[in-house]
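Trainee: What follows is a protein structure lacking sequence information:
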């Protein structure tokens, strides 16, 4: 289908119990699939930031944004799909390695700017932060080794340039 691609929705919400459940429930009730979801504190303790990644057409994203804006705990919603956003994921990956393979993996880490965070006689755990494409490519390159475990976060996103969502909201309260 034309126009379907991964899009990022950044939501500033009240830092209250149950908000995540209500937002996720909205997606579930409407039949929208969440590809990735990250929730974190912000610079203002009154708010949390939710970063939701969905694969959808622009019209569907506009509909999601409109429905989110109606939610009581939602302060501000911004949908992104281009270069106006910095978006990063974190990958932790544990590999079974022989001594002979270790130097090849260290070379890949240097190339991708990954870090070894735990090294044992028979395994190595790596950390990588980057765009989803970078993380995908790193995992693909490591797939020739035995991957024991892998954990990948949803992304964190911030709009490029000056200002902040919370500051925009606080300025409007004056």
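Mentor: Alright, I've got the coordinates. Since we're looking at a predicted model, the values are computed, not measured.
Trainee: Just want the phi and psi numbers for the residue minimising distance to the centre of the chain.
Mentor: Closest residue to the average C-alpha location of the chain: residue 155 at 0.9 Å, with C-alpha atoms, centre = their mean. Residue 155 adopts backbone torsions of phi -90, psi 160, taken as degrees, to the nearest 10.
Trainee: ok, it touching residue 89?
Mentor: Yes. Contact criterion C-beta atoms under 8 Å: residue 155 and residue 89 qualify, at 4.8 Å. Just so you know, the C-beta spots here come from the backbone N, C-alpha and C atoms, and that holds for glycine as well.
Trainee: Find residues that contact each of these two.
Mentor: 36, 132 (C-beta atoms under 8 Å, 6 or more residues apart in numbering).
Trainee: lowest-pLDDT helix or strand in this structure?
Mentor: Lowest on mean pLDDT, DSSP states H and E among the helices and strands of the chain sits helix 165-173, with a mean of 64.
Trainee: List the neighbouring strands of the longest strand along the chain plus their orientation.
Mentor: The longest strand of the chain (DSSP state E) is strand 85-96. Sheet pairing here is set by DSSP bridges, and for strand 85-96 it gives strand 123-130 (antiparallel), strand 146-152 (antiparallel), strand 156-159 (antiparallel).
Trainee: Residue 26: which of those strands is closest?
Mentor: strand 156-159 (19.3 Å; C-beta to C-beta).
Trainee: can you give me the helices in the chain?
Mentor: Secondary structure of the chain (DSSP state H): helices at 19-30, 58-69, 99-112, 132-142, 165-173.
Trainee: Could you list the low-pLDDT ranges of this protein?
Mentor: For the chain, the stretches flagged by pLDDT under 70 are 1-2, 81-82, 166-174.
Trainee: Relative to residue 138, how far out is the residue lying farthest from the centre of it?
Mentor: In the chain, counting by C-alpha atoms, centre = their mean, residue 100 sits farthest out from the average C-alpha position, at 34.1 Å. Using C-beta to C-beta, to the nearest Å, we find residue 100 at a distance of 21 Å from residue 138.
Trainee: now do residue 102
Mentor: Residue 102 is 17 Å from residue 138, by C-beta to C-beta.
Trainee: Same drill for the two, tell me which one is more crowded.
Mentor: Neighbour count, other C-beta atoms under 10 Å: between residue 102 and residue 138, residue 138 has more, with 21 against 14.
Trainee: Was I right to think the more buried one contacts residue 128?
Mentor: Yes. Applying C-beta under 8 Å, one finds residue 138 in contact with residue 128, separated by 5.3 Å.
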